[in-house]
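Colleague: with the input below, show me the fold.
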Amino acid sequence: MNPEVLNYMVGVEAAQDANYTFIESIAKALDETVTKIEDWRKKSEEEGFDFVETSMQAVQGTAMAIVHGIVDFSLIQYMDSCETGTIAYAHEEKDEDGNVTAQEDPYFEEYDEPKKGNGLLFNIKTIRDLLLEHQTVHDERGMEWGSPHGCPEDGRNTYDQRARLIQHLEKIIQKIEGNRGHFA
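Modeller: You can find the predicted model right below:
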């Protein structure tokens with residue numbers, strides 16, 4: 001094989017590995033943040049305080065980091081953001097106990113619905129859903145609810161900012177779900 005072609009192939013594979021390692025790290029950090037928010041919800045249910053009001057800063061801050069942070073989440077490949085399938089085999093041989101002894105002709109079997117995998121896409125959707133929950137509560141409690149001063153104009157500004165974050169997260173989710181091509 002031509003050494004230049006081999007170097008290119010190895011280089012692309014190394015780039016894909018590095019890219020996925022970066023994505024895994026980001027996904028882990030986001031998963032830890034969402035887990036803390038979910039733990040806060042459980043604590044609020046146990047202790048009887050208002051989850052939506054007390055989680056607003058954490059949820060909106062996380063959404064802002066996704067939307068306006070240094071990572072362009074919309075460029076992440078779908079297959080890197082969740083578990084999309086598994087390796088299956090066209091032919092398998094098993095022993096008397098049902099243990100697989102030989103496998104031939106591997107192929108990729110895509111799931112009907114993706115599984116959480118590294119949690120990146122799942123957690124972005126969770127943050128979006130939490131923001132939607134905040135919007136619903138804000139609608140119910142009135143515009144002054146979102147203001148530290150009880151001012152409807154302040155509350156309206158908070159409501160509108162949250163609505164824009166939801167729109168941005170929706171676009172990111174759509175782009176990730178649409179990024180089903182291959183790493184360039």
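
Colleague: how about Thr84, secondary structure?
Modeller: strand (DSSP: H, G, I helix; E, B strand; the rest coil).

Colleague: figure out how far the lengthiest helix in the chain is from the centre of its chain.
Modeller: Ranked by residue count under DSSP state H, the longest helix found in the chain is helix 3-47. A distance of 9 Å separates the C-alpha centroid of helix 3-47 from that of its chain, computed with CA atoms, centre = their mean, to the nearest Å.

Colleague: also stretch 107-117?
Modeller: Between the mean C-alpha location of stretch 107-117 and the chain-wide mean there is a distance of 16 Å, by CA atoms, centre = their mean.

Colleague: what residues does that stretch touch?
Modeller: With contact meaning CB atoms under 8 Å, 6 or more residues apart in numbering, stretch 107-117 is reached by 78, 81-90, 121-122. Heads up, the C-betas are built off the backbone N, CA and C, glycines and all.

Colleague: again, only this time at 10 Å
Modeller: Stretch 107-117 is contacted by residues 24, 27, 31, 78-90, 121-123, 177 when judged by CB atoms under 10 Å, 6 or more residues apart in numbering.

Colleague: and for stretch 37-49?
Modeller: Counting contacts by CB under 10 Å, 6+ apart, the residues touching stretch 37-49 from outside are 50-55, 58-59, 62, 123, 126-127, 130, 133.

Colleague: any idea which of these is the one closest to Ala14?
Modeller: Using CB to CB, the shortest approach to Ala14 within these belongs to Asn123, at 27.4 Å.

Colleague: and that closest one, how many residues sit next to it?
Modeller: 23 (other CB atoms under 10 Å).
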